[in-house]
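**Student:** 3D model of this:
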Amino acid sequence: MIITTISQLDHLINMGGGIVDTTSLSPEMQKALTLYFNGCQAMQSGYIAQAIEIYEKALSIWPNFVACHVNLANCLMYSERYDDALSILAYAHQFAPDDPDIHITAGQIFEMVGDKENELNQYKEALQDQPDHFQAMMNLGATYREIDEFEKSEQWLKKALEEIYLSEKITPHWTHPGKFGVFVNLALLYEDIGDFKKAIYCRQQCVSLDSSSQIRNCLKETEALASIKQKSRNQSEFVTNLLDRGVEKKKNGDYHKAKRLYEIAIKIEPTRRMSFYSMAKISYLMNERLTSIINYLRAGHLLIYDQVRAFSNPGLRLTIEQQLRQYPKDLLSDFHSVHQYAPLLLLDVDSSCHLAHALVDLDEEYSKPKQLLHYINNRYRVALAGKSGGLDDNIEDEYYFPIGVRFLLEHLQWEQIESPQVLKLYY
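**Tutor:** Model prediction:
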């Protein structure tokens, strides 16, 4: 049978994971497949702009080439053109309403923009199109973990694993390519809930599939976490030990591992200010501006929350009031006009300054003089990484503090300030 239409070619690409027998293609379909493969090669080599050009050329000839639409959407996603990518997928959906890959890609785009609700919905729609789609199951499990719905996360990840085992049973002496990813996500899940016995087992399975030093180090790190938990007398001490270990990793330049430790600390004790403060700092060092800002907001909220609770202690209340008296009455009045507790922000000037650094330093469109850039790169980042040096109080107090404290005044949810549930308030 000779393949003569794009819909037939799309079907072969989906069935064969992109590999088809070219002898069964008409000359026109061979040309279409060549363009498709050229685009794939450009994507894999990191030449995203070139891949976009190739896919757009293919689609100008064959507008209903769904595989090209999906790959083009991926390229646009990598280029942070999220609306364009979603439009491409919506157009492709007209030609292939039952194609789960369209929904998988759409879900990944919603993940990039932080829209968890739509991300989950897309993976669910993918499963409606293809109920045994392991990728959709795995993505559902991973997303549920990120929003702390751990039971649903485990349920879907286990379903994905069952589907993988079934595929391997049908095809002996073959390892499913998605197996590693499922075990990684299960390991992360069990680490989040503190079940390190299961987490270690999943990490061991990962090592059996990929014995590279990076994967073996992940196993060692999980084993170390299990040891720390065992030695900790209670949950609070465990979180403190996680934060301390995160500081060590940060000083050694291992930002990803430090961030992971802070993530676990937040999952275990989601009302500790220092956990969010640490997450904000490491996110800054990793140039993750939005994550840094959100976590500084969470930390700022908990600063007020903790101080308000301290008012119940007469001695602490007196100390707080004495600290605030050092500020001009006009300034305190300005803060009071926002909220009765807003002056408490003045008790932690450093937090406002650090927030301002995330706002200013990581904003590529924010014009910065050379002297400020030198200070950011050669003093602030070095100090934040815990390596050496100190900060310039004049720059911090006169330039950064007003920016940071104004942002907190405008963006803290003052009507909810007596609630410690910051994960639900800032995201």
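**Student:** Give me the domain ranges for this structure.
**Tutor:** Domain segmentation of the chain under automatic domain parsing yields 1-131, 273-425.
**Student:** could I get the ones you listed as TSV with mean pLDDT?
**Tutor:** Below are these laid out as TSV (pLDDT from 0 to 100):
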stretch	mean pLDDT
domain 1-131	93
domain 273-425	94
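**Student:** Show me which residues of stretch 267-284 are buried.
**Tutor:** 267-273, 275-284 (16 or more other C-beta atoms under 10 Å). Heads up, the C-betas are built off the backbone N, CA and C, glycines and all.
**Student:** Show me these that map onto helices.
**Tutor:** Members of the buried residues of stretch 267-284 lying in helices (criterion: DSSP state H): 267-268, 273, 275-284.
**Student:** which pair in these spans the largest distance?
**Tutor:** Using C-beta to C-beta, those reach their maximum pairwise distance at I268 and Y284, which is 22.8 Å.
**Student:** For N313, state which of the ones in helices among the buried residues of stretch 267-284 is nearest.
**Tutor:** Nearest to N313 among those, with distances taken as C-beta to C-beta, is R273, at 17.6 Å.
**Student:** E418 touches Q307, doesn't it?
**Tutor:** No: look at E418 against Q307 with C-beta atoms under 8 Å: they stay out of range, at 11.1 Å.
**Student:** Same drill for those two, tell me which one is more crowded.
**Tutor:** Q307 (18 against 11; other C-beta atoms under 10 Å).
**Student:** tell me the contacts of the more buried one?
**Tutor:** For Q307, the contact set (C-beta atoms under 8 Å, 6 or more residues apart in numbering) comprises 320, 341, 344, 347.
**Student:** any idea which element it lies in?
**Tutor:** Counting by DSSP states H and E, the secondary-structure element that holds Q307 is helix 289-310.
**Student:** Next, the buried residues of that helix.
**Tutor:** Going by 16+ other C-beta under 10 Å, helix 289-310 has these buried residues: 289, 291-305, 307.
**Student:** tell me what the helix or strand following it is packed against?
**Tutor:** Going down the chain from helix 289-310, the next helix or strand is helix 314-324, by DSSP H and E. If you count contacts as 3 or more C-beta pairs under 8 Å, 6 or more residues apart in numbering; DSSP states H and E, helix 314-324 packs onto helix 289-310.
**Student:** what about 10 Å?
**Tutor:** With contacts defined as 3 or more C-beta pairs under 10 Å, 6 or more residues apart in numbering; DSSP states H and E, the packing partners of helix 314-324 are helix 289-310, helix 329-338.
**Student:** List the buried residues of it.
**Tutor:** Buried-residue list, helix 314-324, by 16+ other C-beta under 10 Å: I320.
**Student:** and the angle from that helix to helix 289-310?
**Tutor:** Between helix 314-324 and helix 289-310, the angle comes out at 130 degrees (axes from the mean of the first three to the mean of the last three C-alpha atoms, to 10 degrees).
**Student:** can you give me how far helix 314-324 is from the chain middle?
**Tutor:** Centroid separation between helix 314-324 and its chain, computed with C-alpha atoms, centre = their mean, to the nearest Å, is 39 Å.
**Student:** hmm, who's touching that helix?
**Tutor:** Under the contact criterion C-beta atoms under 10 Å, 6 or more residues apart in numbering, helix 314-324 has outside partners 307-311, 313, 331-332, 335, 343-344, 346-347.
**Student:** Take the helices and strands packed on helix 314-324 and write them to TSV, including distance to I109.
**Tutor:** Formatted as TSV, the helices and strands packed on helix 314-324 follow (distance: least, C-beta to C-beta, whole Å):
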stretch	distance to I109
helix 289-310	16
helix 329-338	37
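**Student:** what's the closest of these to K116?
**Tutor:** Nearest to K116, of these and by C-beta to C-beta, is helix 289-310 at 13.7 Å.
**Student:** Put the alpha carbons of the closest one into PDB.
**Tutor:** In PDB, the C-alpha atoms belonging to helix 289-310 read as follows (Å, rounded to 0.1, in the frame of the first residue of the first chain):
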ATOM      1  CA  ARG A 289      12.900  35.700  38.700                       C
ATOM      2  CA  LEU A 290       9.200  34.900  39.200                       C
ATOM      3  CA  THR A 291       9.900  32.000  41.600                       C
ATOM      4  CA  SER A 292      12.200  34.200  43.600                       C
ATOM      5  CA  ILE A 293       9.600  37.000  43.800                       C
ATOM      6  CA  ILE A 294       6.800  34.700  44.800                       C
ATOM      7  CA  ASN A 295       8.800  33.200  47.600                       C
ATOM      8  CA  TYR A 296       9.900  36.600  48.900                       C
ATOM      9  CA  LEU A 297       6.200  37.500  49.100                       C
ATOM     10  CA  ARG A 298       5.500  34.300  51.000                       C
ATOM     11  CA  ALA A 299       8.400  35.100  53.400                       C
ATOM     12  CA  GLY A 300       7.200  38.700  53.800                       C
ATOM     13  CA  HIS A 301       3.700  37.500  54.600                       C
ATOM     14  CA  LEU A 302       5.000  35.100  57.200                       C
ATOM     15  CA  LEU A 303       7.200  37.800  58.700                       C
ATOM     16  CA  ILE A 304       4.000  39.900  59.500                       C
ATOM     17  CA  TYR A 305       2.100  36.700  60.600                       C
ATOM     18  CA  ASP A 306       4.900  35.800  63.000                       C
ATOM     19  CA  GLN A 307       5.100  39.300  64.500                       C
ATOM     20  CA  VAL A 308       1.400  39.600  64.900                       C
ATOM     21  CA  ARG A 309       1.400  36.300  66.900                       C
ATOM     22  CA  ALA A 310       4.200  37.700  69.000                       C
END
